[in-house]
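> Can you look at this prediction? I've put the sequence above it.
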Amino acid sequence: MAMTQPAEDLAANGAAIVRGFLSPDAAADLRRTAAEVYALMGACERFPDKRLGENFRVWDGVWLKALPAFLRRTRPDLADRYAQSLRLVDAQLKRALGRQWRYFPKRSYFRRHVGMGKKVAWHVDADGATIFRVAASSVNVWMPLDPVGSELPSLEIVPRSHAVMSRVAMLAGNNRSRDDAFVSTLGATSTPQLDVGDVLIFDQFLLHRTQNVGAENAVRTACEFRFVRPSLPTLHALSGWSRYKWNALFSSDGFFAARTKRLLGPK
Ligand SMILES: O=C(O)CCC(=O)C(=O)O
Ligand SMILES: [Fe+2]
């Protein structure tokens, strides 16, 4: 059974904080694993997967879709530990929001900020990561691997902005960020303080940016685990489609009935 509070917060505010989403031990394991992944990838000269290498070089991101295969080849022990952490995250997310949510590795990453050089401006993930094309409902299970909100940057969010933003036209150009003037029309912002093990789960239409704090040499690593939920219209369409096919084949005036009639009936 799902916990009701996170789902309610997510629907009402576009965001939910779940404290202790991972236990201190489990969170520490994931933190260590991520640190080893960064060390391994930092020392790697040629990546077998092009996109894994590109994301890493361009923005210090680790593309989680390609990570398991890369680890399997280079560090099977780390592959096992990463898989174990992921199983826990998946189980906890299903506990928090329900069993219909599916992990979506194609749009999931580790992200490491050094200083504020690569801080991310106001945006919704539906624009930046173009998730709206692949799923009607998508959330980011954002898990910092360092305590954030005072010395290290958390995310600054605009609670409830998801309602408006889901009806605003998406951005398609190179710049997918929104300016301060636009954001200020949508209400006050808030910045969750999170410990290691806590998560901020937020809707793909919620406005957010990197909190504007942090010393120049400060390092903050976070996980962006994205989960999607098959949309009701899609399931509905699918069931409509399968009923149509079923009828076309098996009903009394369908394909097989007509064939049987042809075979058995009078010439
Ligand atoms: O890590 C950050 O500061 C920004 C992350 C972000 O925009 C996201 O996870 O969707
Ligand atoms: Fe984002």
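Received it, and whenever you're ready, just let me know what you need. Ligands and ions are numbered 1, 2, ... in the order given.

> Am I right that A222 is in a strand?
Yes - the assignment for A222 (DSSP: H, G, I helix; E, B strand; the rest coil) places it in a strand.

> State the number of residues packed around it.
24 (other CB atoms under 10 Å). Where you see a C-beta, it was placed from the backbone N, CA and C, and this is true even at glycine.

> Leaving out chain neighbours, which residue sits closest to it?
P144 (4.5 Å; CB to CB, 6 or more residues apart in numbering).

> Now that neighbour, what are its backbone angles?
P144 has phi and psi values of phi -70, psi 140 when expressed as degrees, to the nearest 10.

> and the residue in the stretch 101-250 of the chain that ligand 1 sits nearest to, how far is that from R220?
Using CB to the nearest ligand atom, the single residue of the stretch 101-250 of the chain nearest to ligand 1 is T210, 3.3 Å away. Distance from T210 to R220, counting by CB to CB, to the nearest Å: 9 Å.

> any idea which element Q5 lies in?
Secondary structure from DSSP states H and E places Q5 in helix 4-13.

> How about A39?
With secondary structure defined by DSSP H and E, A39 is part of helix 24-42.

> Next SSE downstream of that helix?
With secondary structure assigned by DSSP H and E, helix 24-42 is succeeded by helix 50-59.

> tell me the angle that next one makes with helix 24-42.
Relative orientation of helix 50-59 and helix 24-42, computed by axes from the mean of the first three to the mean of the last three CA atoms, to 10 degrees: 90 degrees.

> C-terminal to helix 50-59, what's the next element?
strand 61-63.

> Identify each buried residue in the helix or strand just after that following strand, please.
Toward the C-terminus, strand 61-63 is succeeded by helix 67-74 as the next helix or strand (DSSP H and E). Buried residues in helix 67-74, counted by 16 or more other CB atoms under 10 Å: L67, F70, L71.

> got these as CSV, with distance to ligand 1 and pLDDT columns?
Conversion of these to CSV gives the following (distance: CB to the nearest ligand atom, whole Å; pLDDT from 0 to 100):
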residue, distance to ligand 1, pLDDT
L67, 16, 98
F70, 21, 98
L71, 22, 98
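
> Point out where the chain drops to low pLDDT.
Low-confidence segments of the chain, defined by pLDDT under 70: 1-3, 129-136, 231-267.

> Could you figure out how far the helix holding A39 is turned away from helix 67-74?
Using the same axes, to 10 degrees, helix 24-42 lies at 70 degrees relative to helix 67-74.

> Quick one: distance of helix 24-42 to the chain centre.
Here helix 24-42 is found 19 Å from its chain centre; the criterion is CA atoms, centre = their mean, to the nearest Å.

> swap in stretch 168-175?
Relative to the chain's own centre, stretch 168-175 is displaced by 19 Å; criterion: CA atoms, centre = their mean.

> Please list the residues of the protein that sit near ligand 1.
Taking CB under 6 Å from any ligand atom as the contact definition, the chain meets ligand 1 at R111, V120, D125, N140, W142, P153, L155, H208, T210, A222, E224.

> Mind telling me the two of these farthest from one another?
Pairwise distances across those peak at 17.1 Å for D125 and P153 (criterion: CB to CB).

> which stretches of the stretch 151-267 of the chain form helices?
For the stretch 151-267 of the chain, applying DSSP state H, counting those that start in this stretch gives helices covering 161-165, 180-184, 232-250, 255-264.

> Make sure A79 is indeed in a helix.
Yes - secondary structure of A79 (three-state DSSP): part of a helix.
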